[in-house]
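Undergrad: Quick check, what structure comes out for this input:
(chains A and B)
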2 protein chains.
Amino acid sequence: MVTLYACEGSGNCMKPWLAMIQLEQEFELKIVDVLNGEQKRPDFLNLNPLGVVPFLVDEADVSLGESNAMLWFLAEGSHLMPDTAAERAEALQWMFFEQSKLEPFISPARFYSFILPDQREAHSDEISHWLERARPGLERLDTHLGARMFMLQSGYSIADIAIFGYVHVLHEAGIDPADYPMIERWISDVTHTDKFQPLQNLGPSNAEAA
Amino acid sequence: MVTLYACEGSGNCMKPWLAMIQLEQEFELKIVDVLNGEQKRPDFLNLNPLGVVPFLVDEADVSLGESNAMLWFLAEGSHLMPDTAAERAEALQWMFFEQSKLEPFISPARFYSFILPDQREAHSDEISHWLERARPGLERLDTHLGARMFMLQSGYSIADIAIFGYVHVLHEAGIDPADYPMIERWISDVTHTDKFQPLQNLGPSNAEAA
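TA: Residues are numbered from 1 along each chain as shown, chains lettered A, B, ... in the order given. Here you go, the predicted model:
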């Protein structure tokens, strides 16, 4: 049995959570209240010295950080993993792109705009900077999605889940998704994939006590 | 035949280059002079719209950005790829860690300290900031390497090559590797792996015209 430690509202935590739901894989969800510092409690640090979520543990002694590495682990041998070496590499390319060109900018802008909106004013210069830095990656993504329904030609995969985590909450970071019509179309298509669940459902009501 | 577009002195470019050498895979190296903006020339942008190196193209119509995705593509089925799903996921975890906790800080600090040293003074505040942000990841890495010879228990792999790219040039970024004795020991061990070649050998004298 896999246990996923996650917090509410996180695009990174959504990734392994959604993958396990869409793969119909049984798992236990434990919510870590990061706004109250639970990820720095000794019992969690003992599990994950980096003190961050998501974190995934399975019976076979796998302890894994990094949301996109979790996606790979969960999807090996499944329909969410591309069949060819070329497409597996392309999936990884987009997953690294997501972590370097999108997440580092969308995530903090959204944090101070949406998760802690009373801190928005105090961080307005940084937010502007982050949003500006997110734009080139979003433009590249919009162009890419203009030529195909999902990230890879062969169809919906972990590359879509990786990108979706933060890109589907662009509006909460302060970017109008209508600026990127192909991204907006793709967000809708992902929400119509089989067994899709929205980020709002990742929460204590679906979890065990951490 | 694989063609690798790379620039001199780049830790990211070193990764696929070293992997192909250690895998004894034939490839063509084309040097892109990024300091003179060759990566923004129309012919290169036509190949890679992001205008960055490294970039890898193979006959089978694979065009790949992101150094760590290239490592995966090159190593599938080889002795540089871990045998088990658990270790493959652990390798990827460290490869994402490298791109989020190390490279974004070591690379720009080194750029303005070593590649363009006449700009060091003008960027001294940013350099201090980057070096400070690199330290937690380096501490985590040092602890990890205190318990094993290479990144994975099973031995030398693409995870080592990914981390090595920028970590072996820490001193050029302004961090004394002696601060991290386990990292220093591991750097030496990597340089003694079979067919290892140093970053200095990645240059025009070993390349075709771009």
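Undergrad: Up against chain B, what does chain A have?
TA: Neighbours of chain B within chain A, by Cβ under 8 Å from any Cβ of the partner chain: A:49-50, A:60-62, A:64-66, A:68-70, A:72-73, A:76, A:85-86, A:88-90, A:92-93, A:95-97, A:99-100, A:104, A:140, A:143. C-beta coordinates here come from the backbone N, C-alpha and C atoms, glycine included.
Undergrad: Now do the longest helix along chain A: everything it contacts.
TA: In terms of residue count, the longest helix belonging to chain A (DSSP state H) is helix A:124-145. Applying Cβ atoms under 8 Å, 6 or more residues apart in numbering or on different chains, the contact partners of helix A:124-145 are A:97, A:101-102, A:104-106, A:108-109, A:112-113, A:120, A:151, A:163, A:167, A:170, A:173-175, A:179-183, A:185-186, B:49-50.
Undergrad: Now restrict these to buried residues only.
TA: A:97, A:101-102, A:104-106, A:108-109, A:112-113, A:151, A:163, A:167, A:170, A:173-175, A:180, A:183, A:186 (16 or more other Cβ atoms under 10 Å in any protein chain shown).
Undergrad: So which of the residues you listed are in helices?
TA: Going by DSSP H, the helices hold A:97, A:104, A:105, A:106, A:108, A:109, A:163, A:167, A:170, A:173, A:183, A:186 from those.
Undergrad: Nearest to chain B, out of those residues: which one, please.
TA: residue A:97 (6.2 Å; Cβ to the nearest Cβ).
Undergrad: List the residues that contact the closest one.
TA: For residue A:97, counting by Cβ under 8 Å, 6+ apart, the contacting residues are A:137, A:140, B:65, B:66.
Undergrad: Scan the residues you listed and report the most crowded one.
TA: By neighbour count, taken as other Cβ atoms under 10 Å in any protein chain shown, the most surrounded of the contacts of residue A:97 turns out to be residue B:66 (30 neighbours).
Undergrad: isn't that residue right up against residue A:93?
TA: Yes: here residue B:66 reaches residue A:93: they are 4.5 Å apart, a contact under Cβ atoms under 8 Å.
Undergrad: on that earlier part again, from the residues of chain A next to chain B, list the buried ones, please.
TA: For the residues of chain A next to chain B, buried by 16+ other Cβ under 10 Å: A:62, A:64-66, A:68-70, A:72-73, A:86, A:88-90, A:92-93, A:95-97, A:99-100, A:104.
Undergrad: Below-threshold pLDDT in chain A: ranges please.
TA: Applying pLDDT under 70 to chain A picks out residues A:209-210.
Undergrad: How much space separates residue A:140 from residue A:29?
TA: Noted for residue A:140: a distance of 33 Å to residue A:29, by Cβ to Cβ, to the nearest Å.
Undergrad: what do you get for residue A:52?
TA: Taken as Cβ to Cβ, the span from residue A:52 to residue A:29 is 17 Å.
Undergrad: More neighbours: which of these two?
TA: Taking neighbours as other Cβ under 10 Å, residue A:52 and residue A:29 compare with residue A:29 leading, 21 against 17.
Undergrad: now residue A:161: how far from residue A:151?
TA: 9 Å.
Undergrad: One more: residue A:138?
TA: 14 Å.
Undergrad: before we move on, what about residue A:27?
TA: 24 Å.
Undergrad: Repeat that for residue A:14.
TA: 16 Å.
Undergrad: try residue A:180
TA: For residue A:180 relative to residue A:151 (Cβ to Cβ), the value is 14 Å.
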